[in-house]
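Asker: Here's my sequence, what's the structure:
(one chain, ligands or ions: 2)
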Amino acid sequence: MSTRGLFDDMPIDGGIDGGIDGSQEIGPRARVLRAFARPVAGELLKAIAAVERISPFRHLVTPGGYTMSVAMTNCGALGWTSDRRGYRYSSIDPETGTPWPAMPDVMRRLAHDAAAAAGFERFEPDACLVNRYVPGAKLSLHQDKDEQDLDAPIVSVSLGMPAVFLFGGLRRDDPTAKVPLFHGDVAVWGAEDRLRYHGVMALKDHPHPDLGSHRINLTFRKAG
Ligand code: MD3
Ligand code: FE
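Answerer: Ligands and ions are numbered 1, 2, ... in the order given. A predicted model of the protein is given here:
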């Protein structure tokens, strides 16, 4: 009997070209670096706790009037935000009226090193969106296209409970692949994969030893 519970029906490598170095190509310029962030996971959690003391997690409202199930905050010079007027990056947290907290060095370094490991040299993110999921929370299929510099990659770090990531094509109705993401996994995507549709399926409750019934995802971008 496996201990992977509800993830038993998934191949351990997600079924797409598992590499011997623990990295996996999910597109020509999209990779999952398995467990890449594990050595700094404890430091990341402390850094996130410091960020949320300055800019607390909140549930943003979409332009269509829906309240997102994922709670969000940001660090870095720019932060992603949404309200009835639209999506945008802002240097001020609209909730506090003050700048977003600075990006902690451990985050900046991890994003830079993961990008380099995936073939994107000199990645200098100016924005980190922090997403917090509880069981049932999900992220509908979308593109990340609010950033100025679409030549820069995006780096995403998963912590806590596992999630099933949906990885689509350049059109909303293109077929999607399901890729499981576990604690410490880092995904990097850019170039021709930068504008792929993607999302996260509703989380199941598989409590994590350190984070309990939470998943946290960090996405690093060059927004400005
Ligand atoms: C896209 N976050 O904040 S990024 C977002 O887990 C967002 O919270 C997700 O999408 C989250 O905008 C997932 C993970 C990801 C990984 C590989 C990709 C997105 C990708 C490859 C191509 C395109
Ligand atoms: Fe996204």
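Asker: pretty sure Arg53 is in a helix, no?
Answerer: Yes - assigned with DSSP: H, G, I helix; E, B strand; the rest coil, Arg53 falls within a helix.
Asker: what's the average pLDDT for stretch 215-224?
Answerer: Average pLDDT, stretch 215-224: 98.
Asker: cool, stretch 164-179 as well?
Answerer: Mean pLDDT, taken over the full extent of stretch 164-179, equals 96.
Asker: near ligand 1, which residues of the protein?
Answerer: The chain has residues 30, 129, 131, 139, 144, 156, 165, 167, 187, 189, 193, 196, 198, 200, 217, 219 near ligand 1, with proximity defined as C-beta under 6 Å from any ligand atom. Heads up, the C-betas are built off the backbone N, CA and C, glycines and all.
Asker: So which of those sit within strands?
Answerer: Judged by DSSP state E, strands contain the following of the residues of the chain next to ligand 1: 30, 129, 131, 139, 156, 165, 167, 187, 189, 198, 200, 217, 219.
Asker: contacting residues around the third one?
Answerer: In this case it means Asn131. Val70, Ala71, Met72, Leu139, Ile216, Asn217, Leu218, Thr219 (C-beta atoms under 8 Å, 6 or more residues apart in numbering).
Asker: Select only the buried ones of the residues you listed in ChimeraX?
Answerer: To isolate the buried members of these in ChimeraX, using 16 or more other C-beta atoms under 10 Å:
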select :70,71,72,139,216,217,218,219
